[in-house]
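# for reference, the sequence and a predicted model appear below.
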Amino acid sequence: MELETLDPYLAMGLEEVVLEQVAAGGDPVIHFWDWEKKAVTIGNFQNAEGEVYLHRCKRSGVPVIRRASGGGTMFHVPSNEIVFSICAPPGVISNDISRSYQELLEPIVEALKDFGLNPTIDENNIMLGKKKISL
């Protein structure tokens, strides 16, 4: 399988649209992509000034984009990661934290096999051999 390469603003816009569709009763969605250029993404409720050296990003031409879905701050580098987003309506994923990790990670592991990888799940992490590859 080949990853689509997306402009960072387009990627975050698509994630927002999918999030809205799922919230309106649509099916769960898992989306994989690669970045077209370097970018920093921040979660919906994060303070950009407290999380990112904004002046350095501006000077380097690295966009800082807020994700509608939340989460933490991440620096993205093209061809250096497989990015994925999971959007699911309430009730699809278990309220039990350990079980919810399993329910979220299993489809990701299966999809990564389509990219020629052989990942496994160790507790709440996706592993390639002895290396953790997910947050």
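That came through, no problem. Numbering: from 1, shown residues only.
# surely Leu117 and Gly129 touch.
No. The criterion here is C-beta atoms under 8 Å, and Leu117 misses it with Gly129 at 10.3 Å. Quick note: C-beta positions are derived from backbone N, CA and C, even for glycine.
# higher neighbour count, these two?
Leu117 (13 against 8; other C-beta atoms under 10 Å).
# what sits closest to that one if chain neighbours are left out?
Leu128 (6.2 Å; C-beta to C-beta, 6 or more residues apart in numbering).
# show me what that neighbour is bridged to.
Beta-bridge partners recorded for Leu128 (DSSP bridges): Lys131.
# swap in Val40?
Per DSSP bridges, residues listed as beta-bridge partners of Val40: Val64, Phe75.
# do you know the pLDDT at the residue lying farthest from the centre of the chain?
Taking C-alpha atoms, centre = their mean, the residue of the chain most remote from its mean C-alpha position is Arg59, at 25.5 Å. You'll see Arg59 listed with a pLDDT of 97.
# pull up the gap between it and Tyr53, please.
Distance, Arg59 to Tyr53, using C-beta to C-beta, to the nearest Å: 9 Å.
# from what I can see the residue nearest to Leu117 touches Pro119, true?
Yes. Taking contacts as C-beta under 8 Å, Leu128 lies within contact range of Pro119: 5.6 Å.
# look at those two and report which has more neighbours.
Taking neighbours as other C-beta under 10 Å, Leu128 and Pro119 compare with Pro119 leading, 21 against 13.
# contact partners for that one?
108-109, 112-113, 126-128, 133 (C-beta atoms under 8 Å, 6 or more residues apart in numbering).
# of these, which belong to helices?
108-109, 112-113 (DSSP state H).
# what subset of those is buried?
For the ones in helices among the contacts of Pro119, a burial check counting by 16 or more other C-beta atoms under 10 Å picks out 108-109, 112.
# mind putting these in JSON lines, distance to Gly43 and pLDDT included?
Listed next are these as JSON lines, based on distance: C-beta to C-beta, whole Å; pLDDT from 0 to 100:
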{"residue": "Ile108", "distance to Gly43": "19", "pLDDT": "92"}
{"residue": "Val109", "distance to Gly43": "24", "pLDDT": "94"}
{"residue": "Leu112", "distance to Gly43": "24", "pLDDT": "91"}
